Structure formats: C-alpha cells, structure tokens
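In: Prediction below, plus the sequence it came from.
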Amino acid sequence: MNVKHPALLFLYLVLGIFCSKTFAQETLARQNERITSFHADIKIDSSGLIHVSEKINVYAAGSRIKRGLIRTIPTFRKDISGDKMQAGFSITSILMDGKHQNYKIETDKESKTIYIGNKDIIIPPGKYQYEINYDIKGQLGRYEKFDEIYWNVTGSKWTFMIEKSSVKITLPQGAVTGNTSCYTGPPGSNAKNCRMNNVSPNTVFFETNDVLQPGEGFTVAVAFNKGIIQKPPLLDIFISDYLKYLITLILLGVVATYYYFSWLRYGKAIKSNVIIPSFNIPNDWSPALIRYLYKKNIDEKSFAISIINMAVKKVIRITNGNSKKVGYAIERLTASTTALSKEELAIYTRFLTKKNRIYINKANGSAINSARNAHIKELKIQVNLKTYFISYRTALLKAIGVTFAVFILFMTFVESRMPMAILISSPFISIGSYFFITGIKALRESFVKGIFPAALGAAIAGWPLMMLINHIAGFPLLSLIFTLISTLLFVIHFFLLKTCTTLGEATMNEIKGFKMYLKTAEEHRLNMLNPPELTPALFERFLPYAIALDVENAWGKKFTSKFSEVDYNAEWYVGNGFSTIALSHAFILPFNSAVSDSKPESGGSSDSSGSSDWGSGSSDSGSSDGGGGGGGGDGW
C-alpha cells in the first residue's frame, strides 16, 4: 500500500491497533466464558417419575452469554428397535442466583430448548448460577433381573468447557444399588475419567476427574433391584409403547382400503367372458396394429414385424448376407402394394419408391428413421387407445392426494424424518429418473442425443437418492417399514389402474383367444370347429401375428413335422438362420436388432407412446452420551 500522507498512515495504524485489541478481547472473552461447575440432583419415585435439578454455574463475559443461558434437553427415549419415543417432560421451576427467572421454550419432536433470561436485558459480565428443575418419565430401563437409570448428565452439545461435573442419584426407598458405571468424552466414548461413591444403599455420587471440553459429555448408569418401580397402568404402557404401531397399522389400512375401492371403480377389469381359442384374426387387423393394442404402446419390434408381414405378402423380400458389410436388405418384388396395411405402405413408400433395394444399416439410417416415424404415426391414427382403455388420470390424482394426506398424518402422530425426506426428494427422484431412463433409451439412437438427458437425470435424481441411501440406517425402523409398504401399495395401485372399456375388453378377449390358438401345441389342441390345415401358407400368414404376440417359437414348432415331409423354402426370405424350432433367436431377434441398430448417429427423432428401552449402561457396555437426558446448551 502506498500512503503518501502521514496523517492517513497514522489513522491506519490506530485503526489496526484498535481492531487487533478488540479481536483479542473478544477471543479472550470467548475463552473465559465457561461452565465452572455442573451438578445434577436426580431423585427417582417408585412410580418411575424422575425429578431432576440441574445447578449450572457459569462465568459470563458478554461474548456468547449476553442475556442468559440456553439449555436443550432431549425429551425422547429409544425403544428396543432404536426408534425414538416421546417421554413425558415438564419444567417445575427455573432460577438464576436463587431468584425465579424469565424463560421461553422452543419445542420440537425430540427436545425442549429453554432460553433463560430476558431478550431486552443484557446481564453484566460475572458469575451466575442457573438452576433448572424438571420432571421426566419413561426414562428407566427395565430388564429381566434389574431396573436401571442410564443418564447423560451434561449432554455433549455444549459450546463451553465444563470445568467439573457431578451428579447425585437417589433411588426410591428399598432400592439397593447394583452395577454402576460412568463415562466421559465425546459421544460413543468408553473412557471413564470419573469416579463414584456410594453415599447410602440407595444413593450414589459421581463426579468427573477432569475438564470436559466442548462436545464432550458425562454419562452415568446405576442398576438396582426389581420390584421397586411400580409397573405403569396398561393404558399408559400401550400409549407409550404400542400406540404408534396401532396408528401406523391404521394408516396403512386406510391407504390400502382406498386403493382397493379405487381399483374397483377405475381399475378392475369388466367381467370378461370365457376366452375361447380362435383362428380368426381380430378385426382383420395387421400384426403391428394388434401388438399396439395388446402392449398399449409402440415398440421397436413393431416396426420389424411390419417389414416381415410385407415380405410374407410377397411385396418385398428380406435377404441376409450374413456379414458385417452385407447384412439384411429389403428388395422390391412385383406383388401389388394394395395388400399392405396403412403403416406398411408408409414403410414401403419411404424404402422402395425410388429404388429396388435398401440395406438395413446406418448408412440408410435417415430413411429407416423416417419410415419408422411414419409407421408410428399411421398406427396412432388407426387406433385411439382411449377408445379401448379407461383414462386413470383422475384416479391417480386422487390416489396421490390420499397418499400425501396419510404421510402427513404419520409425520404428525408417529415420526417425521423419513416420510419428510421421501416427500421432499421424491419429485427430484421421479423427474431425474424420467430423464435418465429417456436418455438411456435415446442412446440406442445417438450418443449425443442420449447422453445429455441421461446425465441431467442422474444429476437431478442422484443427489437426493444418495442422501436417502446414506441416511437410511439412521431412520427409525417403523418409519422405514411404513414408507416402503405405502410406496409399494401406491406402485401396485398405479399399475392396476389402466383397464379396458367394454369395446376394449371384447377386443382384448379376441386377441387373447387368437394368441391361445397360435401357441397351443398341436397334440394338445383345444376343441375347435374346423381348424385350418397346417400348411406352409398358413404358417407364413400367421407368422407375423405370432411374432406380434411373442409366441413365434410355439407357432413354428407346430410345423416342424409338416415341414420335414416337404421341401419348404420361404420365398420371402433368403439367407441362413431360418428355423421354425428357434425362430426368435435364429431370425427374429437378429433382424430386429439390425433394424434397431440402423438408427443414425445424429438427427432424426422417434415418437413413441409410453421391552428393555435401550442397551444397559451399568454393565460397562454403555458410552458417553448414552441413555436418557443429555442435550447441551449455549448462551444468548
């Protein structure tokens, strides 16, 4: 810094010295602010109610302790499954230097945070004694051979050091102390930098040997003979230990019942007639059209099926050069195109109007992609799925509303962390999964076209999904079970919603009857009136339909013995790999893969439709910050 004026330089020096002094004073004040002693008197009634009196002596320097003290006290206990359950808690009095003090309480589901002092009054630096008196119940461990108090005296969440800490535990009359233990250090520590003294048969005194640094705690455990603590009324036990399970069961029952009646109204199929095998083509539709209705969407196989049906009609011929350079090709024959369906004619027009042959490879990817899009468009024009299937949008929106309401009730009356995490993260996971799956599918067409949505989806869904996975071990078991079951019920309900109209049910029954005929083995033919003779012409005519309904191998096996008697050669296909026994793997799948792989690397588009409460601490298996009590505090 270049300072030419001496007065300005002097000013900078003064400001620097002042700021340094202020910072040093603030640092020293923070270092000096501390808890000089933390003593708790704990008395246990035979009813199991615990009376706690905490005397906290502090030195306030006006840094963090300006108006008073903050004390946070957990108000839960863990059940045998590790879930947190509310414990009864009430404050009896709060004092500062022996005088009743103003305070306010902030409450959440796991703790009470007490602000001692007046927001409008700044206390001068000095020494103060805060006394917090409260009652808490449901904090005793009950085991087969003993009862126990396992108590986190100070808590490990203080921002100040605690120079010394002690606790006196007085058991009910008639109680005799058994195993005792104490622990110091950060949460989970097994260190025992503490000592104890039996004052009387039912009184034990513990104290620390050294300073507790911020983030360290002091925990004690005392076992005593059974029969001293009265068993609470059955209603109290039920409310304390089992009410949350009952509420969870009721909520799952409510959502399952709603889904059932929603399915009856929107999803249950109209009572169908007995499906009868038939060799009649439903509605005299093309194979691709039947597959569109049967699958409720248009997939890659549909396009290949239409090409095969065009070949069976002798309008084109499929050849296979059985090499990477010369693979599948489509050749024009002399048969009339009037036999083609609308979606087949759309393919023919884009393939063979100006040429006699087109190879199925990426070099012709643009033409193949154009033909595929035209094929999809024609199918959608011919069949409106809404005519055959009932829309489930209204039912789905209602189901989402009911599910959301049930989650809110669960979070209100049982536990909030995991359902809240699910509700917050599910939109991101759903949207991200949609983009990711869309991108993965698009990778078949083009790396450039697919990598961006896939990466975007992974980014949107990845972070909340990883957060859920990383924290799933910390979620209560009951909350995890509720979330998984309710989510599973919703998914099942979603997939059961879409059902047929009266016309759709009748048409689907015809398709199922036709499929039954195609796949039924010859030796187990169902009773049919005048079934057609199994001839090469029948095989070829129904082969595209068998492929459309995914029963091509079963259809081919019907003709194995027939074709062994005659020299059958498919005029519509030239090449190796044609076998009626293994049609799918020998011809259908390779040909379909060749068609799918022919998509161009870039450009083009595709349209598609689609009873102990916790572990014992008195038997040396406990740790600092274990059991009940605990928490921490600060100044304000």
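Out: Noted; the coordinates are in hand. Keep in mind that what you see is a predicted model, and the values were worked out from it rather than measured.

In: quick one, domains of the protein?
Out: 33-231+620-635, 298-385+500-597, 419-475 (automatic domain parsing).

In: Between these, which one is closest to Trp285.
Out: Closest to Trp285 of the domains of the chain is domain 298-385+500-597 (CB to CB; 8.0 Å). Every residue, glycine included, has its C-beta placed from N, CA and C.

In: now for the closest one, what's the gap between its first and last residues?
Out: End-to-end distance for domain 298-385+500-597, by CA to CA, to the nearest Å: 17 Å.

In: circling back: nearest to Tyr258 among the domains of the chain would be which one?
Out: Smallest distance to Tyr258 across the domains of the chain (CB to CB): 17.4 Å, for domain 419-475.

In: related to what we said a few turns ago, CSV please, covering the domains of the chain and showing mean pLDDT and mean neighbour count.
Out: Listed next are these as CSV, based on pLDDT from 0 to 100; neighbours: other CB atoms under 10 Å:
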stretch, mean pLDDT, mean neighbour count
domain 33-231+620-635, 87, 18
domain 298-385+500-597, 81, 17
domain 419-475, 73, 16
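
In: Of those, which is nearest Phe494?
Out: Per CB to CB, nearest to Phe494 of these: domain 419-475, 11.9 Å.

In: Could you export the domains of the chain to CSV, including columns for distance to Ala399?
Out: Formatted as CSV, the domains of the chain follow (distance: least, CB to CB, whole Å):
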stretch, distance to Ala399
domain 33-231+620-635, 28
domain 298-385+500-597, 20
domain 419-475, 14
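
In: Let me know which of the ones you listed is the nearest to Ser486.
Out: domain 419-475 (8.7 Å).

In: Show me how far the closest one is from its chain's centre.
Out: The chain centre lies 11 Å from the centre of domain 419-475; the measure is CA atoms, centre = their mean, to the nearest Å.

In: between the domains of the chain, which gets nearest to Ile492?
Out: Ile492 lies closest, by CB to CB, to one member of these: domain 419-475, at 16.8 Å.

In: circling back: let me know which of the domains of the chain is the nearest to Tyr259.
Out: Once those are compared by CB to CB, domain 419-475 is nearest, at 17.7 Å.

In: before we move on, which element is Glu106 in?
Out: According to DSSP states H and E, Glu106 maps onto strand 103-107.

In: And the closest residue in space to Ser189 that isn't next to it in sequence, how far from Ile440?
Out: Leaving aside its sequence neighbours, Ser189 sits nearest to Ser624 (CB to CB, 6 or more residues apart in numbering; 4.3 Å). Taking CB to CB, to the nearest Å as the measure, Ser624 falls 49 Å from Ile440.

In: How about Asn118?
Out: For Asn118, the distance to Ile440 - CB to CB - is 62 Å.

In: just Gln382 next, same as before
Out: 30 Å.

In: quick one: contacts for Lys342?
Out: 378, 381-382 (CB atoms under 8 Å, 6 or more residues apart in numbering).

In: And the helices in the stretch 251-400 of the chain?
Out: Applying DSSP state H, counting those that start in this stretch to the stretch 251-400 of the chain gives helices spanning 287-295, 300-312, 342-352, 365-382, 385-388, 393-413.

In: swap that for the stretch 1-150 of the chain, sorry
Out: Under DSSP H, counting those that start in this stretch, the stretch 1-150 of the chain gives helices at 6-32.

In: Strands of that one, start to end?
Out: Secondary structure of the stretch 1-150 of the chain by DSSP state E, counting those that start in this stretch: the strands cover 34-44, 50-60, 68-74, 76-78, 84-86, 89-96, 99-100, 103-107, 111-117, 126-136, 140-142, 147-152.

In: Excluding chain neighbours, what is closest to Trp490?
Out: Not quite, residue 490 is Phe, not Trp. Nearest-residue entry for Phe490: Thr403, 5.5 Å, with adjacent residues in sequence omitted and distances by CB to CB, 6+ apart.

In: Also Glu571?
Out: In space, and not counting its chain neighbours, Glu571 is closest to Lys314: 6.9 Å by CB to CB, 6+ apart.

In: Surely the one you found touches Ala570?
Out: No. Using CB atoms under 8 Å as the test, Lys314 is too far from Ala570 to be in contact (10.7 Å).

In: So for Ser278, which of the strands of the stretch 1-150 of the chain sits nearest?
Out: strand 84-86 (62.3 Å).

In: quick one on the thing from earlier: which of the contacts of Lys342 sits closest to Gly253?
Out: Gln382 (45.2 Å).

In: got a list of what the closest one touches?
Out: The neighbours of Gln382, taking CB under 8 Å, 6+ apart as the test, are 289, 342-343.

In: helices or strands up against the helix or strand hosting Thr487?
Out: Assigned by DSSP H and E, Thr487 falls within helix 477-497. Applying 3 or more CB pairs under 8 Å, 6 or more residues apart in numbering; DSSP states H and E, we find helix 477-497 packed against helix 243-262, helix 393-413, helix 417-442.

In: Not counting its own residues, what contacts the first one?
Out: Outside helix 243-262, the residues within contact range by CB under 8 Å, 6+ apart are 83, 85, 395, 398-399, 402-403, 406, 409-410, 413-415, 478, 481-482, 485-486, 489-490, 492-493, 497.

In: Please put the alpha-carbon coordinates of that helix into PDB.
Out: Only the C-alpha atoms of helix 243-262 are listed here, as PDB (Å, rounded to 0.1, in the frame of the first residue of the first chain):
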ATOM      1  CA  LEU A 243     -49.800 -46.600  20.100                       C
ATOM      2  CA  LYS A 244     -47.500 -45.600  17.300                       C
ATOM      3  CA  TYR A 245     -47.700 -49.200  15.900                       C
ATOM      4  CA  LEU A 246     -51.500 -49.100  16.000                       C
ATOM      5  CA  ILE A 247     -51.600 -45.700  14.300                       C
ATOM      6  CA  THR A 248     -49.200 -47.000  11.600                       C
ATOM      7  CA  LEU A 249     -51.300 -50.100  11.000                       C
ATOM      8  CA  ILE A 250     -54.500 -48.000  10.800                       C
ATOM      9  CA  LEU A 251     -52.900 -45.600   8.300                       C
ATOM     10  CA  LEU A 252     -51.700 -48.400   6.100                       C
ATOM     11  CA  GLY A 253     -55.100 -50.000   6.300                       C
ATOM     12  CA  VAL A 254     -56.700 -46.700   5.300                       C
ATOM     13  CA  VAL A 255     -54.500 -46.300   2.200                       C
ATOM     14  CA  ALA A 256     -54.800 -50.000   1.200                       C
ATOM     15  CA  THR A 257     -58.600 -49.800   1.500                       C
ATOM     16  CA  TYR A 258     -58.700 -46.600  -0.600                       C
ATOM     17  CA  TYR A 259     -56.500 -48.200  -3.200                       C
ATOM     18  CA  TYR A 260     -58.800 -51.300  -3.300                       C
ATOM     19  CA  PHE A 261     -62.000 -49.300  -3.800                       C
ATOM     20  CA  SER A 262     -60.200 -47.000  -6.300                       C
END
